[in-house]
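Participant: structure here, sequence nowhere to be found:
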């Protein structure tokens, strides 16, 4: 009512009690049952499910910067499960199901919005691969189908059906494709976890890991030493550097992944659109900005700079798909550091150190896995190292045994 | 646009080059165990610091070695592989710096 608004307008103080979503900073304790290195989506989700499902609340999440400030804030917030391998599809399908109910669970709006995702095929080989992906998806309960050129045109009237001289033959239409506010996902988990008693320590950088007789006994931080029962490492981008502190290497190469957004425009694009041949994907946020992203940089780097050549390439492809976008201005650009593995699958589970658990190798597929990573990592920790079936294909020792999970449905993989 | 100095063709636009992976010693394929071979294939030096890499100037198909810092993206040196693999051959080109 306008009158009540006017009344509130005359108040000197804010008339309602303000409840902060997160508690203020506290001192580090001497000992935690579980120390989680990395306060991004994965780390804080693991803490949340440890507290919620397993009653383990003596947990500290150590974050060297601020909550969700690393790659959680640098992805393009795409949620989908239309991968290729059985292991991948099973895993990501569970994640999509969890995402759907997170807002209710947190009582915190993560702005989950189901849009559908359309991947375009420009060659017969890709159409064949897509047919396989559609069948694997259906088998594991995802909703994905192959649609023809005409249906693609009807779904997206503004799409150029012959971009860059590569006629669109078909599309992989994934109804479960969605988006959510990535910051809100991290904040929702943090709110839930800290309400259960989990401690989130921001500006707390791990500088060393104490190992005795093959077991972790504690971690050194810039705020002193903390003893712990076990450690979960969830630091995308710097996984190999952190694991080296624990004394073992990881088969990971860090590549930057660049993305950008345009100025906001009226809504014209509901689904995510991705082209397998142009190596470019486009979607419109709820604010109206167009997000443009693509594959990783052409060579490794532990840096988050943006380059002109990648921007030119991505924008060129985006304009080929939606020619009217040539009129638009870019607003922001950024990059994240991605942990690339040679098979485009993550590294999860046990490590050579007995009570040190890994959540690494998240390349370009980490955000969409946030809830299921939390659930499975919490289960792994609570059971004292019994690897859940869902993540057993992603073990670190698969490389030594040549048991890779060749995930060619990943964004960075060329089809 | 970043410039990389090719030992054969001089300073060229980075888009003309292809990254070819790290320089790492290959174990003898007939004698190496599976684990040694897996280690050679999948693991590399992923420290933050200066790394030694294979690069190719794509139009001329010429492979050479780049020493580059993998966080600042600063190129320390580029040189012909003969310097690494055949010590008796011609001396290396002068150390070169990429344009900032």
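Facilitator: Structure's in. What do you need? From a predicted model like this one, the values you see are computed outputs, not experimental measurements.

Participant: phi, psi for residue B:75 please.
Facilitator: phi -90, psi 120 (degrees, to the nearest 10).

Participant: I figured it hits residue B:67, correct?
Facilitator: Yes. Taking CB atoms under 8 Å as the definition, residue B:75 is a contact partner of residue B:67 at 7.2 Å. Glycine gets a C-beta too; all of them are placed from N, C-alpha and C.

Participant: out of these two, which sits in the more crowded spot?
Facilitator: More crowded of residue B:75 and residue B:67, by other CB atoms under 10 Å in any protein chain shown: residue B:75, with 23 against 16.

Participant: so that one bridges to which residues?
Facilitator: residue B:68 (DSSP bridges).

Participant: how close does it get to chain A?
Facilitator: Per CB to the nearest CB, to the nearest Å, residue B:75 is found 11 Å from chain A.

Participant: try residue B:14
Facilitator: Distance of residue B:14 to chain A, computed by CB to the nearest CB: 7 Å.

Participant: residues from chain A in reach of chain B?
Facilitator: A:240-241, A:244, A:249-254, A:298-303, A:305, A:307-309, A:342, A:399-402 (CB under 8 Å from any CB of the partner chain).

Participant: go again using 10 Å as the cut-off
Facilitator: Contact residues, chain A versus chain B (CB under 10 Å from any CB of the partner chain): A:238-241, A:243-244, A:249-256, A:297-303, A:305, A:307-310, A:312-313, A:337, A:339, A:341-343, A:397-402, A:404.

Participant: how about the contacts made by residue A:170?
Facilitator: Contacts for residue A:170 (CB atoms under 10 Å, 6 or more residues apart in numbering or on different chains) come out as A:119-122, A:124, A:126-127, A:130-131, A:146-149, A:151-152.

Participant: next, give me the two most distant ones among these.
Facilitator: A:124 and A:151 (17.7 Å; CB to CB).

Participant: those two: who's more crowded?
Facilitator: Per other CB under 10 Å, whichever of residue A:124 and residue A:151 has more neighbours is residue A:151, with 15 against 10.

Participant: how close does the residue nearest in space to the middle of chain A get to residue B:51?
Facilitator: Most central in chain A under CA atoms, centre = their mean is residue A:367, positioned 1.0 Å from the mean C-alpha point. Here the criterion is CB to CB, to the nearest Å. By it, residue A:367 lies 28 Å from residue B:51.

Participant: so where do the helices sit in chain B?
Facilitator: With DSSP state H, the ranges of helices along chain B come out as B:34-42, B:82-85.

Participant: show me how far the longest one is from its chain's centre.
Facilitator: Helix B:34-42 has its average C-alpha position 20 Å from the chain's average C-alpha position, going by CA atoms, centre = their mean, to the nearest Å.

Participant: quick one: average confidence on it?
Facilitator: Mean pLDDT, helix B:34-42: 93.

Participant: can you say which of the helices of chain B is nearest to chain A?
Facilitator: Closest to chain A of the helices of chain B, according to CB to the nearest CB: helix B:34-42, at 3.9 Å.

Participant: out of the contacts of residue A:170, which end up buried?
Facilitator: Burial by neighbour count, judged by 16 or more other CB atoms under 10 Å in any protein chain shown, picks out A:119-122, A:126-127, A:130, A:146-147, A:149, A:152 from the contacts of residue A:170.

Participant: near chain A, which residues of chain B are found?
Facilitator: Selection of chain B residues close to chain A by CB under 10 Å from any CB yields B:1-2, B:13-15, B:17-22, B:34-39, B:41-49, B:51, B:53, B:55, B:66, B:68-73.

Participant: mind giving me the PyMOL command for buried ones among those?
Facilitator: Filtering the residues of chain B next to chain A down to the buried ones (16+ other CB under 10 Å) takes a single PyMOL command:
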select buried, chain B and resi 14+15+17+19+37+38+39+42+43+44+46+51+53+55+66+68+69+70+73
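
Participant: which of the residues of chain B next to chain A fall in strands?
Facilitator: B:13, B:17-22, B:51, B:53, B:55, B:66, B:68-69 (DSSP state E).

Participant: widest-spaced pair of those residues?
Facilitator: B:13 and B:22 (23.0 Å).

Participant: how far off centre is stretch A:84-95?
Facilitator: Mean C-alpha position of stretch A:84-95 versus that of the full chain (CA atoms, centre = their mean) differs by 14 Å.

Participant: sorry, slip of the keys, the one I care about is stretch A:298-317.
Facilitator: Counting by CA atoms, centre = their mean, stretch A:298-317 comes out at 20 Å from the chain centroid.

Participant: kindly report the same for stretch A:220-229.
Facilitator: Computed by CA atoms, centre = their mean, the chain-centroid distance of stretch A:220-229 equals 27 Å.

Participant: run through the residues that contact residue B:53.
Facilitator: A:299-300, B:19-23, B:44, B:64-68, B:70, B:75, B:78.

Participant: how does it look with 8 Å?
Facilitator: Taking CB atoms under 8 Å, 6 or more residues apart in numbering or on different chains, we find residue B:53 in contact with A:299, B:19-23, B:65-68.

Participant: need the residues you listed in JSON lines with distance to residue A:50, can you?
Facilitator: Formatted as JSON lines, those follow (distance: CB to CB, whole Å):
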{"residue": "A:299", "distance to residue A:50": "38"}
{"residue": "B:19", "distance to residue A:50": "40"}
{"residue": "B:20", "distance to residue A:50": "43"}
{"residue": "B:21", "distance to residue A:50": "39"}
{"residue": "B:22", "distance to residue A:50": "38"}
{"residue": "B:23", "distance to residue A:50": "43"}
{"residue": "B:65", "distance to residue A:50": "47"}
{"residue": "B:66", "distance to residue A:50": "45"}
{"residue": "B:67", "distance to residue A:50": "44"}
{"residue": "B:68", "distance to residue A:50": "41"}
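
Participant: closest to residue A:382 out of those residues?
Facilitator: Nearest to residue A:382, judged by CB to CB, of the contacts of residue B:53 is residue B:22 at 38.7 Å.

Participant: pretty sure that closest one is touching residue B:52, no?
Facilitator: Yes. At 6.8 Å, residue B:22 counts as touching residue B:52 under the criterion of CB under 8 Å.

Participant: just the ones of the contacts of residue A:170 in helices?
Facilitator: Residues of the contacts of residue A:170 located in helices (DSSP H): A:124, A:126-127, A:130-131, A:149, A:151-152.

Participant: need the three-state assignment for residue A:257.
Facilitator: Taken by DSSP: H, G, I helix; E, B strand; the rest coil, the conformation at residue A:257 corresponds to strand.

Participant: surely it and residue A:336 touch.
Facilitator: Yes. The criterion here is CB under 8 Å, and residue A:257 meets it with residue A:336 at 5.3 Å.

Participant: between those two, who's got more neighbours?
Facilitator: Each of residue A:257 and residue A:336 has its neighbours counted (other CB under 10 Å); residue A:257 has more, 26 against 23.

Participant: next, work out how far apart the more buried one and chain B are.
Facilitator: As defined by CB to the nearest CB, residue A:257 lies at a distance of 15 Å from chain B.

Participant: who are the contact partners of that residue?
Facilitator: Residue A:257 neighbours (CB under 8 Å, 6+ apart): A:74, A:293, A:295-297, A:335-338, A:364, A:412.

Participant: make CSV from those and add distance to residue A:14, secondary structure and pLDDT to it.
Facilitator: Formatted as CSV, the contacts of residue A:257 follow (distance: CB to CB, whole Å; DSSP: H, G, I helix; E, B strand; the rest coil; pLDDT from 0 to 100):
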residue, distance to residue A:14, secondary structure, pLDDT
A:74, 33, coil, 94
A:293, 39, strand, 94
A:295, 47, coil, 86
A:296, 46, coil, 88
A:297, 46, coil, 92
A:335, 39, strand, 95
A:336, 37, strand, 95
A:337, 40, strand, 95
A:338, 42, strand, 94
A:364, 42, coil, 90
A:412, 47, coil, 53
